[in-house]
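Asks: A structural model of the following input is requested.
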Amino acid sequence: MENKHLEKQIAPKRKINYSLMNQPVPIQSSTLMEEKMIEQHILIEELGVPLLKIDENLHMEKWNNAFIEILNISEADLHVYSLVELSMQKPIISFSLHLIQKAFGNKCKQEQDFEDEDILYRVRVIPFPKDGIVYVIYEDRSLQKQFENLLTFHHQMEAVSHIAAGVAHELRNPLSVIKGFLQLAKLTNDHQKYYDTIMSELDRMNGILEDFLSVSRKKLDRRWQSPVQIMDSLTEIIKAECLLHDVEFYLELSDTDKPVYVNESMIKQVLLNLLRNSVEAYGESNVNRMLKIETTVQEENYVIQVKDNGKGMSESVLQQLGKPFFTTKERGTGIGIPLCKKIIEDHGGSFQVDSTYNVGTNVIISLPLGNH
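Replies: As a prediction, the model looks like this:
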């Protein structure tokens, strides 16, 4: 009896229509898909991120208003010109075209920075191999670059104002010589005898001023230059600064015919900032103050070492040295060393600080040499 009662309570088996199981899922209507595409387009426009869609034949399929703005051309021109033709007119398109071709070839994302004067864009090319297209996205980082340039220039001006006293002191020497020889010329009535010496001292003064001005000029371009000439042009300024602060200066320069691709003003700023740090590191207690600048050619790099026998740094200070705004000075900003490091690394080089407390500090800068 119990078994019969249980059988009645068992739910009947479900009837399944197997003829419906293999039916395809209804696809979205074309109207719905178009609406979604419109929504995506509106979202892209609202974000304001420059975007370009390219097919495997390098045809421009889609773009947004933000992309038109960075090219500074009309939308009609985009319908007329091909991507290759635009690359001949616009450097940023030429740069993008290289990444696009690379993305199609490697079937993987490409990402590089495009830099031109005060403009900086992070260009990302994202491929979709199955669809045979790539999307090019342009991230505007110009404001960041302008801020960094402003910070660099501000720090550069600090360095210039600091060494101005040293330059003024150094100019007194040739001025004293010129004054003395002019007095002798008047007494002896023989100007010709002292003419060459006076002109030599005037040339020396002019050289000191030119070297000083080359540091203060706001140049942000890079070009191939002799590292030896850059170091030579700083010698008089460094000598003047050391003389002013009772520091013995040693210089050992290695010759090389190979150039470095640098912004001269920024490299000089780095070296003068290190000079300033060394002079300030002595304080008032140090005797036998010494600063040595030594350059060597190591493989394909021009290596500059700036050594002093100042206070040095403890291990704990050394570990925090590269952090922005960290400083051990009462009135320091903490941007000096991080900024120097960034400038050198932006030039493709390396920046290293070795220091021992109560022994001294050695800063090693390495810049890649070219075959230009």
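
Asks: Helices along this structure, start to end?
Replies: With helices called from DSSP state H, the chain shows them at 2-9, 30-47, 65-71, 75-80, 83-89, 91-106, 142-188, 191-216, 227-244, 264-282, 315-320, 336-346.

Asks: Just the buried positions in the last one, please.
Replies: Residues of helix 336-346 classed as buried by neighbour count (16 or more other C-beta atoms under 10 Å): 336, 337, 338, 339, 340, 341, 342, 343, 344. For glycine as for every other residue, the C-beta is placed from the backbone atoms N, C-alpha and C.

Asks: Show me what stretch 350-358 is in contact with.
Replies: By C-beta atoms under 8 Å, 6 or more residues apart in numbering, the residues outside stretch 350-358 that reach it are 311-314, 318, 321, 337, 340-341, 344-345, 361-366.

Asks: hmm, which of those are the buried ones?
Replies: The neighbour count (16+ other C-beta under 10 Å) marks 311-313, 318, 321, 337, 340-341, 344, 361-363, 365-366 as buried among the contacts of stretch 350-358.

Asks: and which of those is nearest residue 271?
Replies: Distance to residue 271 across the buried ones among the contacts of stretch 350-358 (C-beta to C-beta) is lowest for residue 365, with 8.0 Å.

Asks: hey, what's that closest one bridged with?
Replies: Beta-bridge partners for residue 365, by DSSP bridges, are residue 304, residue 351.

Asks: Touching, it and residue 304? I think so.
Replies: Yes. Between residue 365 and residue 304 there is a contact under C-beta atoms under 8 Å: 4.4 Å.

Asks: what's the burial count for residue 256?
Replies: 15 (other C-beta atoms under 10 Å).

Asks: quick one on the thing from earlier: between the buried ones among the contacts of stretch 350-358, which is nearest residue 298?
Replies: residue 366 (7.5 Å).

Asks: Relative to residue 86, how far out is the closest residue to residue 108 other than its chain neighbours?
Replies: Spatial nearest neighbour of residue 108, excluding adjacent residues (C-beta to C-beta, 6 or more residues apart in numbering): residue 127 at 6.8 Å. As judged by C-beta to C-beta, to the nearest Å, residue 127 and residue 86 stand 20 Å apart.

Asks: what's the closest non-adjacent residue to residue 112?
Replies: In space, and not counting its chain neighbours, residue 112 is closest to residue 123: 5.8 Å by C-beta to C-beta, 6+ apart.

Asks: so who does residue 82 touch?
Replies: Taking C-beta under 8 Å, 6+ apart as the criterion, residue 82 is in contact with 58, 59, 60.

Asks: One more pass at 10 Å, please.
Replies: Applying C-beta atoms under 10 Å, 6 or more residues apart in numbering to residue 82 gives the contacts 57, 58, 59, 60, 88.

Asks: same question, residue 305
Replies: If you count contacts by C-beta under 10 Å, 6+ apart, residue 305 has them with 252, 292-296, 352, 354, 362-366.

Asks: Tell me what the residue nearest to residue 112 is bridged to.
Replies: residue 112, residue 138.

Asks: how many other residues sit next to it?
Replies: If you count neighbours by other C-beta under 10 Å, residue 123 ends up with 20.

Asks: before we move on, what about residue 95?
Replies: Residue neighbour count, defined by other C-beta under 10 Å, stands at 18 for residue 95.

Asks: For residue 245, see how far away the residue nearest to it when sequence neighbours are not counted is.
Replies: Once flanking residues are discounted, residue 95 sits nearest to residue 114: 4.8 Å by C-beta to C-beta, 6+ apart. According to C-beta to C-beta, residue 114 and residue 245 sit 44 Å apart.

Asks: can you pull the contacts of the residue lying closest to residue 89 once chain neighbours are set aside?
Replies: Nearest residue to residue 89, sequence neighbours excluded (C-beta to C-beta, 6+ apart): residue 81, at 7.7 Å. Residue 81 is in contact with 60, 73, 87, 88, 89, 90, 93, counting by C-beta under 10 Å, 6+ apart.

Asks: For the residue lying closest to the first one once chain neighbours are set aside, the count of nearby residues, please.
Replies: Setting aside the residues directly before and after it, residue 60 is nearest to residue 83 in space (C-beta to C-beta, 6+ apart), at 5.6 Å. Residue 83 is flanked by 19 other residues according to other C-beta under 10 Å.

Asks: My guess is residue 83 contacts residue 100. True?
Replies: Yes. With contact defined as C-beta atoms under 10 Å, residue 83 counts as touching residue 100 (7.8 Å).

Asks: shared neighbours of these two, which are they?
Replies: Joint contacts of residue 83 and residue 100 (C-beta under 10 Å, 6+ apart) are 52, 54, 58, 93, 136.

Asks: beta partners of the second one?
Replies: Here residue 54 sits in beta bridges with residue 60, residue 134, as judged by DSSP bridges.

Asks: Scan the helices and strands of the chain for the one with the lowest mean pLDDT.
Replies: None of the helices or strands of the chain scores lower by mean pLDDT, DSSP states H and E than helix 2-9, at a mean of 44.
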